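Trainee: requesting a structural model of the entry that follows:
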Amino acid sequence: MQAPELIGGPYVAPRCRPGDWIDDEIDGRLEVGGWTDAPIPWPRRKKTGRAALILTGELARAVRTESVAAIRHHWGVGATKVWMWRRALGVGQTTPGTRKLKQERTGVPPEAAARGRERAASAESRAKIAEKKRGKPMHPTTAAALFAAAKAPKPAGWGERANEWMQRAKRNDSK
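Mentor: A predicted model of the protein is given here:
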């Protein structure tokens, strides 16, 4: 399989040498322990055990822009590490690089994909999907996940947001 191309590059590694201290987007100041031998050489932190890359501003920009496959290939890290970075940086599942990679793999033009997303979000489509599900038992895994979510501690302000949502739904039902 061909290596995914970078859509937001080029990415420039910070100028540093082993022993220098540079800023990591998540962990603050870290000591540089060496460099990776990935297609894009990058400084790694000095620590015992397995070496980890230092998430500098440029690498954080790549995490926000590129697909997981592109980051894995060009920086030589695993998918789990990329997802950990995305979670820490507040990046969702879909980035411009992910969108481009999916478009290349499926062959669906971006305009057609946008129309499909718009149609899927329409009230008629959602009503049709709901009607097909009505009266059918949910999968046991789904039921267990919903039960666990209901029992889990809620974030601050959750109650007010839930009340607003329920009031809005009630007003829409009465129309």
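Trainee: what is the biggest strand by length in the chain packed up against?
Mentor: Counting by DSSP state E, the longest strand found in the chain is strand 28-35. If contacts are counted by 3 or more Cβ pairs under 8 Å, 6 or more residues apart in numbering; DSSP states H and E, strand 28-35 sits against strand 21-24, strand 43-45. Every C-beta, even on glycine, is put in place using the N, C-alpha and C of the backbone.
Trainee: buried ones in the longest one, by neighbour count?
Mentor: Neighbour counts using 16 or more other Cβ atoms under 10 Å place Ile22, Asp24 of strand 21-24 among the buried residues.
Trainee: for the remainder of this discussion, apply numbering that starts at 12.
Mentor: With the count now opening at 12, the last piece we talked about shows up as strand 32-35.
Trainee: just checking: what are the partner strands of it?
Mentor: In the sheet, strand 32-35 lines up against strand 39-46 (antiparallel) (DSSP bridges).
Trainee: show the average pLDDT along the partner strand.
Mentor: The average pLDDT within strand 39-46 is 86.
Trainee: put the alpha carbons of it into CSV.
Mentor: Extracted in CSV, the C-alpha atoms of strand 39-46 (Å, rounded to 0.1, in the frame of the first residue of the first chain):
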residue,chain,number,x,y,z
GLY,A,39,5.5,20.8,29.2
ARG,A,40,9.3,21.1,29.1
LEU,A,41,11.1,17.8,28.3
GLU,A,42,14.7,16.9,27.7
VAL,A,43,15.6,15.7,24.2
GLY,A,44,17.1,12.2,24.4
GLY,A,45,17.7,11.7,20.7
TRP,A,46,16.1,11.6,17.3
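Trainee: which residues sit against that strand?
Mentor: Residues from elsewhere that reach strand 39-46, judged by Cβ atoms under 8 Å, 6 or more residues apart in numbering: 27-35, 52-58, 62, 65.
Trainee: ok, stretch 102-109 next?
Mentor: 15, 17-19, 74-79, 81, 96-97.
Trainee: count of residues packed around Ser136?
Mentor: The local packing of Ser136 (other Cβ atoms under 10 Å) involves 12 other residues.
Trainee: repeat for Trp169
Mentor: By other Cβ under 10 Å, neighbour count at Trp169 equals 10.
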